[in-house]
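**Student:** Generate coordinates for the sequence data below:
(2 chains)
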Number of protein chains: 2
Amino acid sequence: MLKLSNRIQIGDTIRNANKEAILAGWVYRKRDHGKVSFIDLRDGSGLLQLVVTKNTRIIGRKELNIGLESVILVRGKIKKRPLKLVNPEIPTGALEMEVAELEVLVGNEQALPLDISKDIGKVHLDTLLNYRPLTLRSPKEQSIFKFSEKIEEGYREFMKKEGFTEIHTPKIIPTATEGGANVFRVDYFGKDVFLAQSPQFYKQMMVGVFEKVFEIGPVFRAEPHYTSRHINEFTGLDAEMGFIGDYSDIMAKLEDCIRFIMDKVGKEASNVKKIINYREPKIPKSGIPKITLKEGVKIINKIRKSKDVALDLDPEGERILGEYTLDKLKSDFIFVTEYPTSARPFYQMPTEEGKFTRSFDILFRGLELGTGAQRIHDPKKLAESMKKHQLNPKDFKDYISLFKFGMPPHGGWGLGLERFTKQWLGLDNVRLASLFPRDVKRVRP
Amino acid sequence: MLKLSNRIQIGDTIRNANKEAILAGWVYRKRDHGKVSFIDLRDGSGLLQLVVTKNTRIIGRKELNIGLESVILVRGKIKKRPLKLVNPEIPTGALEMEVAELEVLVGNEQALPLDISKDIGKVHLDTLLNYRPLTLRSPKEQSIFKFSEKIEEGYREFMKKEGFTEIHTPKIIPTATEGGANVFRVDYFGKDVFLAQSPQFYKQMMVGVFEKVFEIGPVFRAEPHYTSRHINEFTGLDAEMGFIGDYSDIMAKLEDCIRFIMDKVGKEASNVKKIINYREPKIPKSGIPKITLKEGVKIINKIRKSKDVALDLDPEGERILGEYTLDKLKSDFIFVTEYPTSARPFYQMPTEEGKFTRSFDILFRGLELGTGAQRIHDPKKLAESMKKHQLNPKDFKDYISLFKFGMPPHGGWGLGLERFTKQWLGLDNVRLASLFPRDVKRVRP
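**Tutor:** The predicted structure follows:
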């Protein structure tokens, strides 16, 4: 019997060429040619072609009648592939195994709802998501999440290098963070509480403790939108920092962070390019361009020949601005600054005259990647701002008390990991960058 | 005016001895001695003594009448402290600043509810938690979370080194993971859904994708317990791995992981020892001891001279077993294995004869740190096990379908980060290892 404990991963076969090895994995593709069968074996590290002939001993079976995604264990010699074959969409590399022994660990005799080696690109998004435990096994789907893991790694590495402390703030919160709308209600031992739509209040509290903090964790938005840009649970990349001079300090830090991630991903995730044909983002030497919302709207109106006076960006406007940014400013990112106070949460710091905020959205290829701002740190001004936003300071007692303990000028940002991945890889839908996306209609699998 | 942008952190003063520097931070302690005042300044990196004399220029004020936790900016020369002073509980180090200029950025004129430099050790747990944004500022409280961050860092570093992929699974789930009890209900656009009490099903699905996965994220348990060991939202350290031979492979991997963390924390978090007097955990050369639950209960019964026949560990039993483990087996950890099938979730793999499971609890100093097991990977056996556990396989359609796609032998574990920290540092209550703990009675701040 073959021993699982002696098994190596496909990723290690490169170091075992011309040697015997034991491999284990799933049957990804299978081609029978009479006397010889080819199996593309998949494990967590990659794909390898197996050559099964009449000399192969099939343990415990007379025939190799197994379906796709069966789990098998094989022993044989790792060799260079004799022919330079025309590679399929997902390549199996330059090595193969001449299989001496093959054992079926878990046979899969039923037909699968779809063939992930062929159908992934063709099936409807709903089918892709309904069969997530199967479809995620496709190397293409896998590579999206290996890529996304690398973005997250880069984010964490940068933040730690810059002296930010990683924190975990509660997802169960007593009040609706930003004033009531868009939060999910939880039954908490008979009491109504809510799911955090951002770690906003808590990361601010933690600025009083560690000065610079970041969090990577789930964020819940009860937004009824059903678009290719919205999911209702996503992975937030949050940060908050104290002792800033101005909100330009926040944008500068975020830009450094994005550059760091680009550098890391460029170096360490380039193998994804073999599977997904994406374009690396670019930032000009002069830095990520900044325009005020007013200027942005003016540019958009000019391009779409509209006289719209609303000081706001709709998705189409964001897209137009993205194209403009790339075309004229040679950048995939842009900071849009100074949103009107009335359109932003109460805790964002207004500019001198009060009508606008010291805030920004960052767009990545014409899609809002995240939001940032300096925060109000004076408890009196904060209470005033709440009233202006039709909120009752009494409902935010714990939060306001924070500012009575002494808070320095501070601010931060929140980004969405799934949107980051989507835009970078050029995916059609943000759902494709979430393992098990949640939207208005979907909470399964 | 002093410029924030030229400011350095206290942690960098060591490289700036005998030089001028600008610092910013909070007034942690203050001692007035007529002609001279001493302020212990705190920032995110540490504490430093400031010496304020009549030569100090107080910008914009006549007198230095500021309260604790005021935010100040100072300029002056960094010098060695002239006297070897009797250090207070939280030391301020060997340097001090002779302050030339001092500016109050945010004055705190009100009395604080408590003095975090004096009262932290004395106040009631409820007070400590009610004023969390203030009390967390105490260097002692801070150090708990810097320590916990290091445990998490070690966990992640080990898992990545071992080829595990980091994943984010949904916290909003359609069914109650382990069969109904102990889950929080969420109102999801008018539909009832639940908060994940573990990433169990999803991490198993991801074994089919990446083979080896881990997750660090919030876990929600609607357990009505009100003890020093329970919180209702905690940070789960989860892992799941495919192609295992037996559940001893899981325990071996977990032991390696714990050793790696111990090594890292021992090297990189030793400064916490200056503030919290904890003992490093130990594991004998022969490895973390393993006993079956049956043996464990026998030992406990012998020690407490009881003839209890229940095959279960109560908290008191766990504590006794912890003492025994340390005393007789020279280990701070122990694996307790083979829990009865009836007492474990349906997805745990039974032993040959079926009455027990291939599962373990790991105790750390007499407290359950986590649970692990091999899982059932045969869809028919899984459906049978559900029925035995009074569950309807129809309610778990998506989950069972996974096993029809071909799943190898696999298993994993789930640990609690807060309990890890609590036991390591010898804290009285797990709430002290959570920034903003949630329990049956508390959802604030």
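
**Student:** So what touches stretch A:266-278?
**Tutor:** A:90-91, A:139-140, A:143-144, A:146-147, A:150, A:280, A:424-426 (C-beta atoms under 8 Å, 6 or more residues apart in numbering or on different chains). Using the backbone N, CA and C atoms, a C-beta is placed for each residue, glycine as well.

**Student:** from those, which ones fall inside strands?
**Tutor:** Among those, no member falls in strands (DSSP state E).

**Student:** how about those residues in TSV, adding distance to residue A:239?
**Tutor:** Putting those into TSV (distance: C-beta to C-beta, whole Å) gives the following:
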residue	distance to residue A:239
A:90	37
A:91	38
A:139	33
A:140	31
A:143	27
A:144	24
A:146	24
A:147	21
A:150	19
A:280	23
A:424	19
A:425	23
A:426	26
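
**Student:** Report the entries of the residues you listed that also contact chain B.
**Tutor:** residue A:146 (C-beta under 8 Å from any C-beta of the partner chain).

**Student:** which one of the contacts of stretch A:266-278 is nearest residue B:114?
**Tutor:** Residue B:114 has its nearest neighbour among these in residue A:150, at 44.7 Å by C-beta to C-beta.

**Student:** Would you list the phi and psi of the nearest residue to that closest one once chain neighbours are set aside?
**Tutor:** Distance criterion C-beta to C-beta, 6 or more residues apart in numbering or on different chains; nearest residue to residue A:150, sequence neighbours excluded, is residue A:269 at 4.3 Å. With angles defined as degrees, to the nearest 10, residue A:269 sits at phi -120, psi 20.

**Student:** quick revisit: can you tell me which of the contacts of stretch A:266-278 is nearest chain B?
**Tutor:** Nearest to chain B, judged by C-beta to the nearest C-beta, of the contacts of stretch A:266-278 is residue A:146 at 7.0 Å.

**Student:** neighbours around the residue nearest to residue A:150, how many?
**Tutor:** Using other C-beta atoms under 10 Å in any protein chain shown, residue A:269 is surrounded by 21 other residues.

**Student:** Pull up the residues of the stretch 301-445 of chain A that are close to chain B.
**Tutor:** The stretch 301-445 of chain A has residues A:377-378, A:398-399, A:401-402, A:404-409, A:417, A:435-438, A:440, A:443-445 near chain B, with proximity defined as C-beta under 8 Å from any C-beta.

**Student:** hang on, the earlier thing: the contacts of stretch A:266-278, buried ones only, as a PyMOL selection?
**Tutor:** This is how PyMOL selects the buried members of the contacts of stretch A:266-278, with burial counted by 16 or more other C-beta atoms under 10 Å in any protein chain shown:
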select buried, chain A and resi 90+139+140+143+144+146+147+150+424+425
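
**Student:** Where does pLDDT dip in chain A?
**Tutor:** Along chain A, the parts satisfying pLDDT under 70 run over A:1, A:83-89, A:177-181.

**Student:** residue boundaries of the helices in it?
**Tutor:** A:125-130, A:132-135, A:139-161, A:200-210, A:247-268, A:293-303, A:315-329, A:379-388, A:397-404, A:417-425 (DSSP state H).

**Student:** and residue A:325, what does it touch?
**Tutor:** Each residue near residue A:325 by C-beta under 8 Å, 6+ apart is listed here: A:289, A:331, A:332, A:333, A:334, A:363, A:366.

**Student:** quick one: which of those is nearest to residue A:40?
**Tutor:** Nearest to residue A:40 among the contacts of residue A:325 is residue A:332, at 35.5 Å by C-beta to C-beta.

**Student:** What about that closest one, how many residues nearby?
**Tutor:** A count of neighbours around residue A:332, defined by other C-beta under 10 Å, yields 23.

**Student:** nearest residue to it other than its sequence neighbours?
**Tutor:** Spatial nearest neighbour of residue A:332, excluding adjacent residues (C-beta to C-beta, 6+ apart): residue A:281 at 3.9 Å.

**Student:** Just give me the neighbour total for the one you found.
**Tutor:** Other residues within reach of residue A:281, judged by other C-beta under 10 Å, total 19.

**Student:** Next: residue A:273.
**Tutor:** Residues near residue A:273, counting by other C-beta under 10 Å, number 14.

**Student:** Look up phi and psi at the residue of the stretch 151-300 of chain A found nearest chain B.
**Tutor:** Taking C-beta to the nearest C-beta, chain B has its nearest neighbour within the stretch 151-300 of chain A at residue A:211, 2.8 Å off. Phi and psi for residue A:211, reported as degrees, to the nearest 10, are phi 80, psi -50.

**Student:** Please report how far it lies from residue B:25.
**Tutor:** Relative to residue B:25, residue A:211 is positioned 8 Å away (C-beta to C-beta, to the nearest Å).

**Student:** ok now stretch A:287-302, how far from the chain's centre?
**Tutor:** Distance of stretch A:287-302 from its chain centroid, counting by C-alpha atoms, centre = their mean, to the nearest Å, is 27 Å.

**Student:** just the CA coordinates of that stretch, formatted as PDB?
**Tutor:** Provided in PDB are the C-alpha atoms of stretch A:287-302 (Å, rounded to 0.1, in the frame of the first residue of the first chain):
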ATOM      1  CA  GLY A 287       2.500  60.600  -7.100                       C
ATOM      2  CA  ILE A 288      -1.200  59.600  -7.100                       C
ATOM      3  CA  PRO A 289      -3.000  62.700  -8.600                       C
ATOM      4  CA  LYS A 290      -5.400  64.600  -6.300                       C
ATOM      5  CA  ILE A 291      -8.400  66.600  -7.400                       C
ATOM      6  CA  THR A 292     -11.300  68.100  -5.500                       C
ATOM      7  CA  LEU A 293     -14.700  66.600  -6.000                       C
ATOM      8  CA  LYS A 294     -15.700  69.900  -7.600                       C
ATOM      9  CA  GLU A 295     -12.900  69.700 -10.200                       C
ATOM     10  CA  GLY A 296     -13.800  66.000 -10.700                       C
ATOM     11  CA  VAL A 297     -17.400  66.700 -11.400                       C
ATOM     12  CA  LYS A 298     -16.400  69.500 -13.800                       C
ATOM     13  CA  ILE A 299     -14.200  67.100 -15.800                       C
ATOM     14  CA  ILE A 300     -16.900  64.400 -15.900                       C
ATOM     15  CA  ASN A 301     -19.500  66.900 -17.000                       C
ATOM     16  CA  LYS A 302     -17.300  68.200 -19.800                       C
END
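
**Student:** That stretch: which residues count as buried?
**Tutor:** If you call a residue buried by 16+ other C-beta under 10 Å, then stretch A:287-302 has these buried ones: A:288, A:289, A:290, A:291, A:292, A:293, A:296, A:297, A:299, A:300, A:301.

**Student:** correct me, but the first one touches residue A:251?
**Tutor:** Yes: with contacts counted by C-beta atoms under 8 Å, residue A:288 reaches residue A:251, the gap being 7.5 Å.

**Student:** shared neighbours of the two, which are they?
**Tutor:** Residues touching both residue A:288 and residue A:251 (C-beta under 8 Å, 6+ apart) are residue A:335.

**Student:** Buried members of the residues of the stretch 301-445 of chain A next to chain B into PyMOL, please.
**Tutor:** If you want just the buried ones from these in PyMOL, going by 16+ other C-beta under 10 Å, the selection is:
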select buried, chain A and resi 377+398+399+401+402+404+405+406+407+408+409+417+435+436+437+438+440+443+445
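
**Student:** For the stretch 251-400 of chain A, which residue gets nearest to chain B?
**Tutor:** Of all residues in the stretch 251-400 of chain A, residue A:398 sits closest to chain B, at 3.7 Å by C-beta to the nearest C-beta.

**Student:** Just the CA atoms from stretch A:112-131 would do, formatted as CSV, please.
**Tutor:** Output of stretch A:112-131 as CSV, limited to C-alpha atoms (Å, rounded to 0.1, in the frame of the first residue of the first chain):
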residue,chain,number,x,y,z
LEU,A,112,-20.2,16.4,-11.6
PRO,A,113,-22.5,19.3,-12.2
LEU,A,114,-19.8,20.9,-14.3
ASP,A,115,-16.3,20.2,-15.5
ILE,A,116,-14.1,22.8,-13.9
SER,A,117,-11.3,22.2,-16.4
LYS,A,118,-13.6,23.2,-19.3
ASP,A,119,-16.7,25.1,-18.1
ILE,A,120,-15.4,27.7,-15.6
GLY,A,121,-15.3,30.5,-18.2
LYS,A,122,-18.6,29.7,-19.7
VAL,A,123,-21.0,29.1,-16.9
HIS,A,124,-23.3,31.8,-15.5
LEU,A,125,-22.1,33.7,-12.4
ASP,A,126,-24.9,32.1,-10.4
THR,A,127,-23.9,28.6,-11.3
LEU,A,128,-20.2,29.5,-10.5
LEU,A,129,-21.3,30.6,-7.1
ASN,A,130,-23.8,27.9,-6.4
TYR,A,131,-21.2,25.3,-6.8
